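Chemist: 3D, please:
(one chain, ligands or ions: 1)
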Amino acid sequence: MKKTNRRKFVQTAVKATVLTSMGAPAIFSAACATKSTEETDEDTATALAALSFAQVKLPYDYAALEPNIDATTMDIHYNKHHAAYIKNVNDAIAEEKIAFGTEAEFFANTSKLSAKARNNGGGAYNHNFFWQVMKPGGGVPPGKLADAINGSFESFEKFKEQFTAAAMTRFGSGWAWLVNDNGTLKIGSTPNQDNPLMDNSDFKGTPLLALDVWEHAYYLKYQNKRNEYVANWWNVVNWDEVASRLE
Ligand code: MN3
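Modeler: Residues are numbered from 1 along each chain as shown. Modelled structure (predicted):
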C-alpha cells in the first residue's frame, strides 16, 4: 500500500472504530497503526492523534422530549455545549499529543491528562451517553434490568428515590449515575464533567444511566427548580437502552 493511501486507511479505520463504539460501555480495541522506520513526522502525528471523539447523532428531534425537556434547551445543549466539548477535547488531544487509541484508555488515564482534556473528554462522552439513554415516551425497565434494580435497591421506587437524591445533592454542576460495579448496581454522582470511567473519579463503575444536572440542562424551562426537572426526566428514560448496557 502506498504511504498516502495507507495513512488514509489508518485514519478511516480509526474513525470507524470510534464511531462504532461511541457511548458503548464495553472495552474495545483500537485499529492499530504499525509504524515503519521511514515514516515522516506527519505519520507520527497521525498515529499519536489516533483517538478523536465524535458527536453522536441525536436519536430524536429537539422537541421530541417535550414537555419534559424543551426544544430550545435540547438545541442549545446539543449544538453549543456538547459540540464545544467535542471540539475542545479533540483540540487538546492534538495540542498535547495524547496518544491513547480508545476512549476506554483515555478515561483509564485521566489522572495524567490536563484539565482541558479531562473536562472536555468527559463532556464529550457524558453527553453522547445522555442522549442515548433518553427517548420520547420513556417506559419501564425490562425484566432483567428490573430484577437487577430490585436486587440492589429493594424496589424500583427506592431506586428512584436514591437516584433522585444523588441528582439533588450534587452541589453545583455534575452528573448523577447508575453504574454496574462487577455485578452490583450502584448510584452516585460526579462533579463537573467527570464520569465513573475516570481513574481519578471518586465514584467508579460501568455507566448504565446518566443524568446531567448542570443548570444548562434545565434552566430555561425550570430555572432553579432542579427537583422538577429530575422528576419529569423519569418520563423520558430509555430503559431498553439502559438494559442493553447491562449485558
Ligand atoms: Mn450538559
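Chemist: CA only for contacts and neighbour counts going forward, please
Modeler: Will do.
Chemist: per the record, what domains does the chain have?
Modeler: The record assigns the chain these domain ranges, following automatic domain parsing: 1-47, 71-246.
Chemist: what's the closest of those domains to Tyr62?
Modeler: domain 71-246 (4.7 Å; Cα to Cα).
Chemist: mind checking the end-to-end distance for that closest one?
Modeler: This stretch, domain 71-246, spans 30 Å end to end (Cα to Cα, to the nearest Å).
Chemist: Check the offset of it from the chain's centre.
Modeler: 6 Å (Cα atoms, centre = their mean, to the nearest Å).
Chemist: average pLDDT across it?
Modeler: In this model, domain 71-246 has a mean pLDDT of 97.
Chemist: Packed most tightly, which of the domains of the chain would that be?
Modeler: domain 71-246 (a mean of 19; mean count of other Cα atoms under 10 Å).
Chemist: rewinding a little: mind putting the domains of the chain in a markdown table, distance to Pro59 included?
Modeler: Listed next are the domains of the chain as a markdown table, based on distance: least, Cα to Cα, whole Å:
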| stretch | distance to Pro59 |
| --- | --- |
| domain 1-47 | 13 |
| domain 71-246 | 7 |
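Chemist: To Lys57, which of those domains lies closest?
Modeler: Closest among the domains of the chain, using Cα to Cα: domain 71-246, at 8.6 Å.
Chemist: any idea where the strands of this protein begin and end?
Modeler: 174-181, 184-191, 206-212 (DSSP state E).
Chemist: Turn these into TSV, including distance to Asn90.
Modeler: Output for the strands of the chain, formatted as TSV (distance: least, Cα to Cα, whole Å):
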stretch	distance to Asn90
strand 174-181	21
strand 184-191	22
strand 206-212	22
